[in-house]
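Engineer: Just need the structure, nothing else, for what follows:
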Amino acid sequence: MAKTVFRPNEIKKRPGEVMLKLVHSYEPKVEEVVEEAPVYEGPTVEDLKREADEYRARWEDEKKLMLEKAQAEAAEIVSKAKDDAFSEVKKQSDQAQVIKTDAQNNAAQIIKEAQEQALKIIDEAHAEQEKIKQQSSKEGYEKGHEDGYVYGKAEADRLVERMHTILTAVMQRREEILQETEQQIVELVILMARKVIKVLSENQKSIIMNNVLLALKKVKGRGDVILRVNLEDVKMTAEHTRDFIERVENIKNISVIEDSSVERGGCIVETDFGAIDARISSQLKELEDKILEVAPIKTITKSDIINPDA
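Structural biologist: Numbering: from 1, shown residues only. I've put the predicted structure just below:
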């Protein structure tokens, strides 16, 4: 056992410092810090996929609502445009009716003057015939009654023929006036219709949508369809091909092609079984053909002029 207690005489001072060996080490331990990998707490693949599906479904619903709203607005715009167009047509028709009435009044005045002139000629013919008859009677004793009668009848026939010539010219002029007036009215209505349709097709973008839908519903066979539209309508039409496929049965695929011969707002639908021409110019031509089916004005005969009350 080691000695731990010493007397003073047992203690000797040693020069220098003495380093004692420690049994235990008192240096602080350095703990090794192990960095933990960050734990991912974000959405999983399934969450992202589900969120994408929900977004896609929500977008489809919103797009459908936007399309329905746009179509409703388009229908309202078209309806208002039609009302405005019909109001303009009525206004122009009233103006055309005034023109026609003035022409008829002018024709009636011409006929009246012709009737008065014809009656005057007839009276002159009768007076001349009576005069010739009296003259013939007076001179009949010397020249013969038969010669005087023949001369008087020839003069009367000449006057009557002159009257018929005048009446024929009057009737022809009257017919020309009415035909010119009718042509002016028809041209006025057609010009007005062209302007209204042109303004609508160039300013209402939704018209191309309605035209395409109506044309697609007329196509037989369907399957793969080619839409030929104006360059200005290509983008909008291409963006809504899926909507067309959903709304029209039996259509599998739609290709949109630019065609310079198609005016804005119109289209041509082509399939393996034929084509539907829904161009604005074609629809306007059909409208013009219907306008030109107006019944012709009745032609007045000579007897109508001579005897207007008959």
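Engineer: Quick one: the helices in the stretch 1-150 of the chain, in order.
Structural biologist: Secondary structure of the stretch 1-150 of the chain (DSSP state H, counting those that start in this stretch): helices at 45-143, 145-203.
Engineer: where among the ones you listed is the average confidence lowest?
Structural biologist: Within the helices of the stretch 1-150 of the chain, confidence is poorest for helix 145-203, with a mean of 70 (mean pLDDT).
Engineer: Show me what the following helix or strand past that helix is packed up against.
Structural biologist: Per DSSP states H and E, helix 145-203 leads on to helix 206-218 as the next helix or strand towards the C-terminus. With contacts taken as 3 or more C-beta pairs under 8 Å, 6 or more residues apart in numbering; DSSP states H and E, helix 206-218 sits against helix 45-143, strand 223-229, helix 234-239, helix 241-247, strand 267-271, strand 274-278. Where you see a C-beta, it was placed from the backbone N, CA and C, and this is true even at glycine.
Engineer: quick one: pLDDT of residue 255?
Structural biologist: According to the per-residue confidence, residue 255 scores 91 in pLDDT.
Engineer: so it, which of the three states?
Structural biologist: Residue 255 falls in the strand class when you classify it by DSSP: H, G, I helix; E, B strand; the rest coil.
Engineer: let's have the chain start at 35 instead
Structural biologist: Got it, first residue is 35 now, which makes that one residue 289.
Engineer: hang on, isn't it packed against residue 261?
Structural biologist: Yes. Between residue 289 and residue 261 there is a contact at 6.9 Å, judged by C-beta atoms under 8 Å.
Engineer: So those two - more neighbours on which side?
Structural biologist: For residue 289 versus residue 261, the count of surrounding residues by other C-beta atoms under 10 Å is larger for residue 261: 25 against 12.
Engineer: Now do the same contact list for residue 158.
Structural biologist: residue 193 (C-beta atoms under 8 Å, 6 or more residues apart in numbering).
Engineer: hmm, I was thinking of residue 285
Structural biologist: Counting by C-beta under 8 Å, 6+ apart, residue 285 touches 250, 256-257, 259, 278-279.
Engineer: Would you tell me which one of the residues you listed comes nearest to residue 83?
Structural biologist: Lowest distance from residue 83 to those (C-beta to C-beta) belongs to residue 279, with 25.8 Å.
Engineer: For that closest one, give its distance to residue 162.
Structural biologist: 89 Å (C-beta to C-beta, to the nearest Å).
Engineer: Repeat that for residue 128.
Structural biologist: 50 Å.
Engineer: Of these two, which one has the most company?
Structural biologist: Higher neighbour count among residue 128 and residue 162: residue 162, with 16 against 9, using other C-beta under 10 Å.
Engineer: how many other residues sit next to the nearest residue to that one once chain neighbours are set aside?
Structural biologist: When the adjacent residues along the chain are set aside, residue 162 lies closest to residue 189, with 6.0 Å between them (C-beta to C-beta, 6 or more residues apart in numbering). Residue 189: 15 surrounding residues under other C-beta under 10 Å.
Engineer: Residue 133 too?
Structural biologist: Residues near residue 133, counting by other C-beta under 10 Å, number 15.
Engineer: What of residue 139?
Structural biologist: Neighbour count for residue 139, taken as other C-beta under 10 Å: 10.
Engineer: tell me the contacts of it?
Structural biologist: Going by C-beta under 8 Å, 6+ apart, the list of residues near residue 139 is empty.
Engineer: Dump the helices and strands packed on helix 240-252 into CSV; add distance to residue 241 as well.
Structural biologist: Listed next are the helices and strands packed on helix 240-252 as CSV, based on distance: least, C-beta to C-beta, whole Å:
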stretch, distance to residue 241
helix 79-177, 7
strand 257-263, 11
helix 268-273, 11
helix 275-281, 15
strand 301-305, 10
strand 308-312, 11
